[in-house]
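Peer 1: Build the 3D model from these lines:
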Amino acid sequence: MFSWTQCKTYLPSSMSVIRNGDLVSDKEYYIDLLALDGDGAHPQAAGRTLFLSDLPGRENFITKSTKIEGLGRHIALRLFDDQLRSPSSRSRWWLQIWDWQHSTMSNSILSGPILDPDFDEIDICFLGNDRFLIVNDNLKLYSIEDISQAPRLLACFLLPVSLVNLRCLTPTDDIARSSHPQKQAPQVTWISDPKHRLLSLITWYSDLYFVISTRIFFEPDFVDSEEAVTIPWISWGPSNARAFPHQFSCRLGVSGSRALCAFAAAGAKVNNNLIATEYRLHLMDFSPLAVKRHHQQGLGRIVNEPSIVEDIETREYITTSMPYVEVVSDRTFSYGEIIEIWFDRDKLYLLKNHSDMDKMDQFEVIEF
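Peer 2: Below you'll find the model as predicted:
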């Protein structure tokens, strides 16, 4: 286990973010915006340092967990209040969002209670420049059109079952610039539009992996009312999502309109923990363009029938039906072989665990 006192998170516009502190109080936290090609402040930043506002309600706010998330001109910092050392107090989360190009201060702040301090129950995910999600037991959609005040709740999207320690995996665009930009041009608009992307939710406690279309979070019937509405899963979820079983050793992600998932290979053996020993990667494209190419050229396998998965914690069944086109890898990977996976428009990046402990891990790039 590594304990870092300085953490960097890479964001758009050739920028790195540095936050100070490991287990510290709010007075010791700050965020520095630096250019990746030097130690100077980022040229588009309003200032070198983003300052936290006073944390509400208590002076001895101590945090054991942080997350920095960025998209475009916005940066969000989530803190998880550690009150295990103070039984009389209740743990809670706290979130602040900055428009880093225009101000080093911010009044865009949210906070709320943590029901179970053993878990970091709150995650965040930007959906373009004007809204974001708070992910916990449900999906709460907020507007940040006016960064000078607290985010405005637009809607609460209910999930099908109670999920613990849910994580939101945000989409990646091109990690490296495509070597064939003209050939990829038809996909660019679809991938770049925040209304037509995917996000994924994962929970290892229930062994579930959700792929969700972001178009539902821009649907006028749900998000344009004067007051925030609560939307049942049955009204939004099944046709705008796919749920898959997930037992792979590392998280999988989404990029634009495509998602990556790993399923046990046919005939794979099962170990003592009832986990398959070999897996194949499945690349799934949920865009209308992929469906059109399938009908015109026969590329991939189209999946448009509903699928049912079981939540192993609650023993409830979840039905989803968002259509997609699937391509399956020829190679198999053993459980634990891959440490981390990233992918973009035309490449797959694998950080692989070397079987020899004396040798370094391997990094492999695969072109689609």
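
Peer 1: And the strands in the stretch 101-250 of the chain?
Peer 2: Taking DSSP state E, counting those that start in this stretch as the criterion, the stretch 101-250 of the chain carries its strands at 108-113, 123-126, 131-135, 139-143, 152-157, 167-169, 198-203, 208-213, 229-231, 241-245.

Peer 1: Turn those into JSON lines, columns for mean neighbour count, mean pLDDT and distance to E310.
Peer 2: In short, each C-beta sits where N, CA and C put it, glycine included. JSON lines is the format used below for the strands of the stretch 101-250 of the chain (neighbours: other C-beta atoms under 10 Å; pLDDT from 0 to 100; distance: least, C-beta to C-beta, whole Å):
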{"stretch": "strand 108-113", "mean neighbour count": "16", "mean pLDDT": "87", "distance to E310": "30"}
{"stretch": "strand 123-126", "mean neighbour count": "22", "mean pLDDT": "90", "distance to E310": "23"}
{"stretch": "strand 131-135", "mean neighbour count": "22", "mean pLDDT": "93", "distance to E310": "22"}
{"stretch": "strand 139-143", "mean neighbour count": "21", "mean pLDDT": "94", "distance to E310": "21"}
{"stretch": "strand 152-157", "mean neighbour count": "18", "mean pLDDT": "94", "distance to E310": "22"}
{"stretch": "strand 167-169", "mean neighbour count": "18", "mean pLDDT": "83", "distance to E310": "20"}
{"stretch": "strand 198-203", "mean neighbour count": "23", "mean pLDDT": "88", "distance to E310": "13"}
{"stretch": "strand 208-213", "mean neighbour count": "24", "mean pLDDT": "92", "distance to E310": "9"}
{"stretch": "strand 229-231", "mean neighbour count": "15", "mean pLDDT": "93", "distance to E310": "24"}
{"stretch": "strand 241-245", "mean neighbour count": "22", "mean pLDDT": "93", "distance to E310": "8"}
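
Peer 1: now those as TSV including distance to F333?
Peer 2: As requested, these are exported to TSV (distance: least, C-beta to C-beta, whole Å):
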stretch	distance to F333
strand 108-113	39
strand 123-126	27
strand 131-135	28
strand 139-143	31
strand 152-157	33
strand 167-169	19
strand 198-203	18
strand 208-213	16
strand 229-231	38
strand 241-245	17
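
Peer 1: So for D37, which of the ones you listed sits nearest?
Peer 2: strand 123-126 (24.9 Å; C-beta to C-beta).

Peer 1: Mind listing residues that contact that closest one?
Peer 2: 67, 69-72, 74, 76, 78, 95, 132-136, 166-168, 170, 199 (C-beta atoms under 8 Å, 6 or more residues apart in numbering).
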